[in-house]
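1. quick one, what's the 3D model for this:
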Amino acid sequence: MIKYLGSKRTLIPRLLEVFGALDPKPTCIADLFSGTSRVGHACKKAGYQVISNDHNAYAETLARCYVQADLETHRAEAGLRIEQLMALSPQAGYFTKTFCEESRFFTPKNGARVDAMRNQIAAWEGAGLLTEELKAILLVSLMEAADRVDSTTGLQMAYLKSWAPRAEKDMELRMPEVLSNGKHGTCTATGIDALDAARACADSADLVYLDPPYNQHKYLGNYHIWETLVRWDAPESYGVARKRVDCRERSSDFNSKPRIASALHEVISACLAGQRVQHLVLSFNNEGYLQREDISAMLAPHGTLDVIEVDYKRYVGAQIGIHNPKGKRVGKPGKLRNTEFLFVLSRS
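-> Numbers count the residues shown, from 1 in each chain. Purely as a prediction, here's the structure:
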């Protein structure tokens with residue numbers, strides 16, 4: 001899967017352990033801030049029915065591939081389409097101009113291949129040859145192929161001063177790890193606001209997992225290239241990183257210190273408004289706008305609350321330190337480790 005700040009890759013074994021120990025045991029899990037869909041993918045693999053949601057288009061696409069799509073349905077045709085994409089000749093276009101010439105996230109040779117492949121996916125879609133799930137599989141294959149040859153530390157806020165060794169490699173598509181259907185029912189993916197998703201899952205999920213943004217850093221700005229790759233809308237761009245102009249316009253209450261508490265309280269209340277949801281598990285970082293006691297006060301009135309602390313390394317960019325535009329270090333790295341809090345609420 002793609003490199004992603006905030007990914008719960010290292011936390012997944014602990015999450016599955018927590019989910020499996022709950023009483024009554026859940027069969028359907030709703031993940032309302034799905035991001036890369038690592039958690040939803042792991043839950044589907046473990047046999048749960050999963051409802052994934054994220055309002056960013058690239059994240060919804062990842063969820064359609066890794067949560068909603070089933071291997072038996074799409075394996076043969078997806079494999080054939082990936083072979084056809086790999087056989088295309090490079091065709092430089094918007095992607096190459098914006099992310100390889102005006103900026104330096106990818107080499108032009110790989111940028112031209114992205115342009116050709118993405119245009120072909122759009123042509124197949126326009127001809128009615130792709131289901132939404134098959135389209136998602138192809139887009140994720142392309143996204144991950146580009147991610148393996150980028151020249152960043154994992155964020156698309158900036159690129160490296162010198163080319164990363166991996167950037168010189170030829171981009172190669174692979175079949176994503178699409179899973180068989182979960183034993184407890186069909187898994188689904190949506191791309192709606194978290195509050196609307198909370199209202200929708202109140203009577204359809206046994207367990208709700210929340211992993212919201214926790215400070216000023218917006219995932220859309222951090223991964224704007226994937227948003228453009230999925231939307232394929234050739235947006236106006238700005239700055240050294242050539243961000244989509246709507247990075248300036250689209251906002252979330254979860255990225256606002258004055259508004260995050262109210263936003264989180266609303267989502268929690270909506271999740272617990274129905275009768276079916278018996279458990280709510282919330283991940284939050286000690287670098288967030290809210291403190292442990294703030295979140296505990298929101299959850300404790302609804303049932304039995306346990307809080308688990310998990311220590312982990314900060315992402316590589318934080319360990320490298322701060323550099324100016326010329327590549328000279330102008331600041332020292334901050335703390336190298338963080339604490340992830342798992343708030344585990346059981347209503348019964």
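
2. isn't residue 255 up against residue 221?
-> No - between residue 255 and residue 221 there is no contact under Cβ atoms under 8 Å: 9.6 Å. Quick note: C-beta positions are derived from backbone N, CA and C, even for glycine.

3. distance from stretch 82-91 to the middle of the chain?
-> On the basis of Cα atoms, centre = their mean, to the nearest Å, stretch 82-91 sits 26 Å off its chain's mean C-alpha point.

4. give me the distance between the two termini of it.
-> Stretch 82-91 has an end-to-end distance of 17 Å (Cα to Cα, to the nearest Å).

5. do the same with stretch 239-252
-> 21 Å.

6. list the buried ones in that stretch?
-> 241-244, 247, 252 (16 or more other Cβ atoms under 10 Å).

7. pull the most distant pair out of the residues you listed.
-> Greatest spacing in the buried residues of stretch 239-252, by Cβ to Cβ: 242 and 252 (21.8 Å).

8. ok so, going back, the buried residues of stretch 239-252 in helices, which ones?
-> Among the buried residues of stretch 239-252, DSSP state H puts none in helices.

9. of these, which is the nearest to residue 194?
-> residue 252 (8.6 Å).

10. all helices for this structure, in order.
-> Using DSSP H, the helices found in the chain span residues 12-21, 38-45, 57-63, 71-86, 94-96, 108-126, 132-147, 194-201, 219-222, 224-231, 260-271, 292-299, 316-320.

11. quick one: closest of the ones you listed to residue 5.
-> Nearest to residue 5, of those and by Cβ to Cβ, is helix 219-222 at 6.1 Å.

12. which helices and strands does the closest one pack with?
-> Applying 3 or more Cβ pairs under 8 Å, 6 or more residues apart in numbering; DSSP states H and E, one finds that helix 219-222 contacts no other helix or strand.

13. and stretch 215-228, how far from the chain's centre?
-> The chain centre lies 10 Å from the centre of stretch 215-228; the measure is Cα atoms, centre = their mean.

14. ugh, typo on my part, it should be stretch 249-257
-> 17 Å.

15. next: stretch 94-102.
-> 23 Å.

16. can you point out the buried residues in it?
-> For stretch 94-102, by 16+ other Cβ under 10 Å, it's 94-100.

17. ok, the residues you listed vs residue 187, which is closest?
-> residue 95 (30.7 Å).

18. residues in contact with the closest one?
-> 111, 114-115, 118, 228-229 (Cβ atoms under 8 Å, 6 or more residues apart in numbering).

19. what does residue 226 give?
-> By Cβ under 8 Å, 6+ apart, the neighbours of residue 226 are 2, 58, 143, 156.

20. what's the answer for residue 275, then?
-> Going by Cβ under 8 Å, 6+ apart, residue 275 touches residue 203.

21. for residue 269, see how far away residue 137 is.
-> 36 Å (Cβ to Cβ, to the nearest Å).

22. and those two? Which one has more around it.
-> Neighbours per residue, other Cβ atoms under 10 Å: of residue 137 and residue 269, the larger number sits with residue 137, 27 against 15.

23. how far away is the more buried one from residue 61?
-> Residue 137 is 9 Å from residue 61, by Cβ to Cβ.

24. before we move on, what about residue 246?
-> Taken as Cβ to Cβ, the span from residue 246 to residue 61 is 17 Å.

25. can you redo the buried residues of stretch 239-252 as TSV with distance to residue 343 and pLDDT?
-> Converted to TSV, the buried residues of stretch 239-252 look like this (distance: Cβ to Cβ, whole Å; pLDDT from 0 to 100):
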residue	distance to residue 343	pLDDT
241	34	97
242	38	98
243	33	97
244	33	97
247	30	95
252	20	92
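
26. and of those, the nearest to residue 80?
-> residue 244 (32.1 Å).

27. identify the bridge partners of that closest one.
-> For residue 244, the beta-bridge partners are residue 237 (DSSP bridges).

28. same check on residue 51?
-> Assigned bridge partners for residue 51, using DSSP bridges, are residue 30, residue 188.

29. wait, it sits on residue 192?
-> No - counting by Cβ under 8 Å, residue 51 does not reach residue 192; the two are 11.3 Å apart.

30. please say which of those two ends up with more neighbours.
-> Neighbour count, other Cβ under 10 Å: between residue 51 and residue 192, residue 51 has more, with 27 against 15.

31. about what we covered before: mind putting the contacts of residue 95 into a markdown table with pLDDT and neighbour count?
-> Rendered in a markdown table, the data for those read as follows (pLDDT from 0 to 100; neighbours: other Cβ atoms under 10 Å):
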| residue | pLDDT | neighbour count |
| --- | --- | --- |
| 111 | 98 | 25 |
| 114 | 98 | 27 |
| 115 | 98 | 21 |
| 118 | 98 | 24 |
| 228 | 98 | 24 |
| 229 | 98 | 22 |
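
32. would you turn these into a markdown table with distance to residue 25?
-> Shown next, in a markdown table, are those (distance: Cβ to Cβ, whole Å):
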| residue | distance to residue 25 |
| --- | --- |
| 111 | 48 |
| 114 | 44 |
| 115 | 48 |
| 118 | 42 |
| 228 | 41 |
| 229 | 39 |
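
33. and which of these is nearest to residue 80?
-> residue 118 (17.9 Å).

34. now the closest one: how far from residue 13?
-> Taking Cβ to Cβ, one finds residue 118 at 35 Å from residue 13.
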